[in-house]
Structures are given as structure tokens and as C-alpha cells.
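J.: I'd like to go over a predicted model; first the sequence, then the structure.
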Amino acid sequence: MYIYNIILFIVTLLIASTQATAKEYATYTLIDGTSQAGKLVAMTMGETIRFDTASGTIDIDWSSLLHWGKYENSQQTPRLCLTDGSILVAEPVEIVSKECVALSPLLGKLKVPRTDIVEIIFFEQETPVVNFDDSQSFPGEPSEGGTTTHSLTLLNGDRVQGKIESWNQERLVLETDVGPLSLETTSVASILFPTAAEGIATSRKPSKLPVVGLTDGSLLHVSKLSVNNESASFLFYSTTIRCESQQVIYLQWVDPRVTFVSDLPVISYRNIPFLSLSWPYRLDQNVLGSSLRCNGRAFQKGVGVHSACRLTYATPEKATLLIGKVGMDDRSQGEGSSRFRVFVDRGLGKWEESYTSPVVRSNQIPESFSVDVSDVKQISLLVEYADRADVRDYANWLDLRFVQ
């Protein structure tokens with residue numbers, strides 16, 4: 001009996017140690033949806049990635065990784081939001097004709113092309129909800145013919161428009177319809193940049209580059225990425241950046257076999273409000289325009305909508321699977337509930353239901369699903385009311401992707 005108790009004690013310690021180790025590790029997810037907790041040990045872009053797991057060291061092929069780690073969407077300010085989806089937490093120190101010079105405490109001095117900037121946020125503010133109709137442009141889409149006008153939101157809530165003529169850390173000069181306007185930089189909450197400047201379209205541009213999430217809140221599309229036990233290095237625009245490996249907390253790679261739905265054009269969209277307020281869809285954001293977040297976890301890719309609605313997409317050539325998760329955004333504050341459905345059209349003009357979720361409620365772990373789309377020409381994503389009509393039905397399609 002004494003020996004039995006000792007053996008039981010040792011086994012209990014081993015199990016507890018394994019569970020504690022797993023909790024310390026971040027999770028990596030492969031493109032087929034399988035996940036495991038693992039500590040990133042080493043990787044070189046285009047080769048293998050090594051993880052330490054509770055069961056030992058594992059090498060996986062770089063191309064099979066969807067993402068690793070946990071990136072908390074940055075609310076750090078100031079930050080630059082770029083057209084490829086990058087978020088650079090840095091202080092803009094100068095804006096000249098073709099570039100913005102920014103200073104990052106973690107990464108140092110960086111230069112970003114002016115035409116790649118969507119917005120600079122100095123102070124976080126709530127995104128307003130506006131009524132939507134089919135004649136309006138979706139958020140982030142350029143209006144016909146483009147514009148060279150900057151839109152500034154001030155700390156007092158006022159909004160002004162014009163073209164930035166000069167900028168430094170103290171003052172900003174804006175050319176407006178009524179003449180030059182000089183503002184103190186500290187009075188500006190955010191600057192929304194033109195959707196096109198000098199004839200160059202700067203609307204949202206999906207990137208096939210790896211994504212690196214850093215401890216300072218930056219989320220960057222990079223090249224020439226490598227990580228080992230001590231350090232990480234990568235190329236961001238023309239600047240080679242080196243940092244400690246522990247400052248890398250998130251990796252995402254898009255293999256050519258994977259196409260995220262949020263990077264595809266929408267064939268059609270319809271929102272059917274329960275009362276009168278119509279809602280747009282949002283790409284890689286929730287329907288309110290902030291980060292996709294479900295059950296405390298942030299997601300970088302997906303589509304945010306509001307019930308009841310329908311989105312239709314063409315199936316990419318050679319795609320065999322549609323894989324993703326569905327969940328209610330944390331901004332629904334415990335009140336949202338919806339049912340998610342996927343319909344497919346095999347080219348015969350007839351829609352077939354391929355997936356129906358249970359009722360998905362706020363504060364639940366997102367539901368995973370997979371749909372065979374081998375011979376499918378189009379898919380339609382539906383979100384329906386559930387428990388409380390459409391009250392706070394901020395519904396998210398998460399990591400939604402076609403896989404070859």
C-alpha cells in the first residue's frame with residue numbers, strides 16, 4: 001500500500017507538471033484546424049518550425065502553419081494602421097511628401113510610405129454606429145474617383161477635412177476649403193488618410209507575407225523572418241529589425257493553399273434588420289469596427305456582421321474545404337445570440353445547406369466547422385436571430401478560409 005501511494009504521488013506530480021507546462025505554452029494551429037500547445041524554439045521562413053510541447057520537441061513544415069501564439073489586439077497609442085493590415089505602435093515624428101517617419105520604443109526609427117497609411121490613431125475613441133443602405137460604400141472601400149482629403153477627428157469631437165501640408169511633433173498644417181488651418185498635434189485624436197493619393201489607390205490590400213505580433217502591440221507583415229531561442233529578425237519595408245525572441249508573441253503564415261474569405265471580393269450582401277437599423281459587414285473587424293474578439297481571444301482574420309444577414313462569395317479554383325469558427329463578439333456583453341448557416345451552390349442554381357451551427361451565445365467558446373467545397377461554385381454565409389431578436393447580435397466568422 002505504501003509503494004502504491006508513492007507511485008500514485010509521482011504520477012500525480014507528472015500529470016500536474018505536464019498540465020502546468022501546457023498552460024505556459026501558446027497554441028499553434030495548422031491549416032487543417034488541428035491545434036496543440038507549444039513553445040516556439042526556432043524557425044526560418046520557408047523551412048521547418050520547431051516547437052517544444054508537453055510530449056517533446058516537434059518539427060512541422062512552415063507551410064502547414066496557420067498561426068501560433070496569442071496576439072491581444074493593440075489599443076496602444078499612438079499607432080499607424082496600414083493598408084495591408086499591419087499595426088505599427090510608434091510615434092509619428094514627421095510626415096513629408098512621400099513618407100511618414102515614426103519612432104518605436106521597441107523597433108527604433110522607421111519609415112513608412114505615406115500612401116500605405118490608412119489611419120494614425122493618437123487617442124482611442126469609440127467607433128460610431130451609422131445606418132447603412134446598399135447605395136453606400138462599405139467601410140474601407142474607396143469612393144469612386146478616390147480622394148486626396150485627410151479627415152481629422154479632434155479630441156473635442158470636432159471633425160475637419162483637408163490636405164496635410166506639413167507636420168511635426170508640435171503642429172500640423174491642414175489646407176482646407178477656407179484656407180490653411182494650423183492645429184496643435186496634441187489636439188488630434190486620429191487622422192484618416194485618403195483612399196487614393198496622387199492617383200495611387202491605397203484601399204485595403206491583402207498581404208501574403210508572414211505576420212509577426214510583438215509585445216508592444218505591433219502586428220506587422222514582414223519578410224526574411226527567422227527566430228531562435230535568443231533573438232528574432234525580420235525585414236519591415238526596407239528596415240531590418242532585430243529583437244529578443246520573447247518579444248515575438250504571435251506568428252501567422254498564409255500558405256498559397258489557403259485563401260481567407262475576408263481577402264475575397266463579395267458577390268452580394270444583404271442585411272435584414274429586425275427594426276430599422278441596417279448594418280454593414282466588416283473585414284477583419286467586428287461589425288462595430290473594432291477587433292474581432294470572442295471569449296477573450298483576439299482573431300486577426302474574419303468577417304464581422306450583424307443578424308440577420310447574408311454574404312455570398314465565389315469559391316476559389318481548386319478549393320476543397322471551407323474551414324473556420326463562429327462566435328459572438330465580446331462587445332455583445334453577454335446579450336448576443338445567433339445561428340450560423342453555410343449554403344453551397346454547385347453550379348446548378350440550387351442552394352444546399354451544408355452547415356448549421358447550434359445557437360451561439362455570447363461568452364461561449366467559438367464553434368469550429370468544416371464544409372466540403374470540392375465541386376462548389378459559390379457559398380452563402382447566413383446569420384439568423386436567436387434568443388433576443390437581434391439585440392447585440394455582433395456575429396463573427398473567424399479564421400474563415402478556403403483550403404486546397
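T.: Nice, thanks for sending it over.

J.: helices along the chain, start to end?
T.: Applying DSSP state H to the chain gives helices spanning 2-24.

J.: give me the domain ranges for it.
T.: Domain assignment for the chain, taken from automatic domain parsing, gives 2-69, 79-201, 258-403.

J.: grab the nearest non-local neighbour of residue 240.
T.: In space, and not counting its chain neighbours, residue 240 is closest to residue 233: 6.5 Å by C-beta to C-beta, 6 or more residues apart in numbering. To be clear about C-beta, it is placed using only N, CA and C from the backbone, and glycine gets the same treatment.

J.: tell me the predicted confidence for that neighbour.
T.: Looking at residue 233, its pLDDT reads 95.

J.: the nearest residue to residue 279 once chain neighbours are set aside: neighbour count?
T.: Closest residue in space to residue 279, ignoring its immediate chain neighbours: residue 306 at 3.8 Å, by C-beta to C-beta, 6+ apart. For residue 306, the neighbour count with other C-beta atoms under 10 Å is 28.

J.: what do you get for residue 345?
T.: 17.

J.: with residue 178 instead?
T.: 7.

J.: now do the phi/psi pair for it.
T.: With angles defined as degrees, to the nearest 10, residue 178 sits at phi -110, psi 10.

J.: so where do the strands sit in the stretch 251-400 of the chain?
T.: Secondary structure of the stretch 251-400 of the chain by DSSP state E, counting those that start in this stretch: the strands cover 258-260, 268-271, 282-283, 292-294, 297-299, 302-306, 309-314, 321-328, 337-345, 351-356, 360-361, 367-372, 378-385, 394-403.

J.: select, out of these, the one closest to residue 241.
T.: strand 297-299 (22.4 Å; C-beta to C-beta).

J.: just how off-centre is that closest one within its chain?
T.: On the basis of C-alpha atoms, centre = their mean, to the nearest Å, strand 297-299 sits 8 Å off its chain's mean C-alpha point.

J.: redo the strands of the stretch 251-400 of the chain as JSON lines? Include mean pLDDT and distance to residue 65.
T.: Output for the strands of the stretch 251-400 of the chain, formatted as JSON lines (pLDDT from 0 to 100; distance: least, C-beta to C-beta, whole Å):
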{"stretch": "strand 258-260", "mean pLDDT": "94", "distance to residue 65": "10"}
{"stretch": "strand 268-271", "mean pLDDT": "96", "distance to residue 65": "31"}
{"stretch": "strand 282-283", "mean pLDDT": "93", "distance to residue 65": "22"}
{"stretch": "strand 292-294", "mean pLDDT": "90", "distance to residue 65": "20"}
{"stretch": "strand 297-299", "mean pLDDT": "85", "distance to residue 65": "16"}
{"stretch": "strand 302-306", "mean pLDDT": "96", "distance to residue 65": "18"}
{"stretch": "strand 309-314", "mean pLDDT": "97", "distance to residue 65": "24"}
{"stretch": "strand 321-328", "mean pLDDT": "97", "distance to residue 65": "14"}
{"stretch": "strand 337-345", "mean pLDDT": "97", "distance to residue 65": "25"}
{"stretch": "strand 351-356", "mean pLDDT": "97", "distance to residue 65": "25"}
{"stretch": "strand 360-361", "mean pLDDT": "96", "distance to residue 65": "27"}
{"stretch": "strand 367-372", "mean pLDDT": "97", "distance to residue 65": "17"}
{"stretch": "strand 378-385", "mean pLDDT": "97", "distance to residue 65": "25"}
{"stretch": "strand 394-403", "mean pLDDT": "97", "distance to residue 65": "13"}
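
J.: pick the most deeply packed of these.
T.: Across the strands of the stretch 251-400 of the chain, averaging neighbours per residue (mean count of other C-beta atoms under 10 Å) puts strand 302-306 on top, at a mean of 27.

J.: for that strand, packing partners?
T.: When contacts are defined as 3 or more C-beta pairs under 8 Å, 6 or more residues apart in numbering; DSSP states H and E, strand 302-306 packs onto strand 282-283, strand 378-385, strand 394-403.

J.: try it again at 6 Å.
T.: strand 394-403 (3 or more C-beta pairs under 6 Å, 6 or more residues apart in numbering; DSSP states H and E).

J.: chain center to the strand it packs on, what's the gap?
T.: Distance, centroid of strand 394-403 to centroid of chain: 11 Å (C-alpha atoms, centre = their mean).

J.: contacts for that strand?
T.: Strand 394-403 is contacted from outside by 31, 257-261, 286-287, 292, 294, 299, 301-305, 307, 316, 319, 321-325, 327, 329, 331-332, 336, 338, 366, 383, using C-beta atoms under 6 Å, 6 or more residues apart in numbering.

J.: tell me the angle that strand makes with strand 321-328.
T.: Inter-element angle recorded for strand 394-403 and strand 321-328: 170 degrees (by axes from the mean of the first three to the mean of the last three C-alpha atoms, to 10 degrees).

J.: so where's the stretch 151-300 of the chain uncertain?
T.: 195-206 (pLDDT under 70).

J.: try 50
T.: Applying pLDDT under 50 to the stretch 151-300 of the chain picks out residues 196-203.

J.: gap between the nearest residue to residue 363 once chain neighbours are set aside and residue 274?
T.: Distances taken as C-beta to C-beta, 6+ apart put residue 334 closest to residue 363, at 5.8 Å, once the chain neighbours are dropped. Using C-beta to C-beta, to the nearest Å, residue 334 is found at 19 Å from residue 274.

J.: who's residue 353 bridged to?
T.: Beta bridges link residue 353 to residue 343, judged by DSSP bridges.

J.: and it, how far from residue 380?
T.: The spacing between residue 353 and residue 380, counted by C-beta to C-beta, is 10 Å.

J.: ok so, going back, distance to residue 246 for the strands of the stretch 251-400 of the chain - can I get that in JSON lines?
T.: Putting the strands of the stretch 251-400 of the chain into JSON lines (distance: least, C-beta to C-beta, whole Å) gives the following:
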{"stretch": "strand 258-260", "distance to residue 246": "28"}
{"stretch": "strand 268-271", "distance to residue 246": "42"}
{"stretch": "strand 282-283", "distance to residue 246": "32"}
{"stretch": "strand 292-294", "distance to residue 246": "24"}
{"stretch": "strand 297-299", "distance to residue 246": "19"}
{"stretch": "strand 302-306", "distance to residue 246": "28"}
{"stretch": "strand 309-314", "distance to residue 246": "39"}
{"stretch": "strand 321-328", "distance to residue 246": "28"}
{"stretch": "strand 337-345", "distance to residue 246": "37"}
{"stretch": "strand 351-356", "distance to residue 246": "39"}
{"stretch": "strand 360-361", "distance to residue 246": "35"}
{"stretch": "strand 367-372", "distance to residue 246": "30"}
{"stretch": "strand 378-385", "distance to residue 246": "38"}
{"stretch": "strand 394-403", "distance to residue 246": "25"}
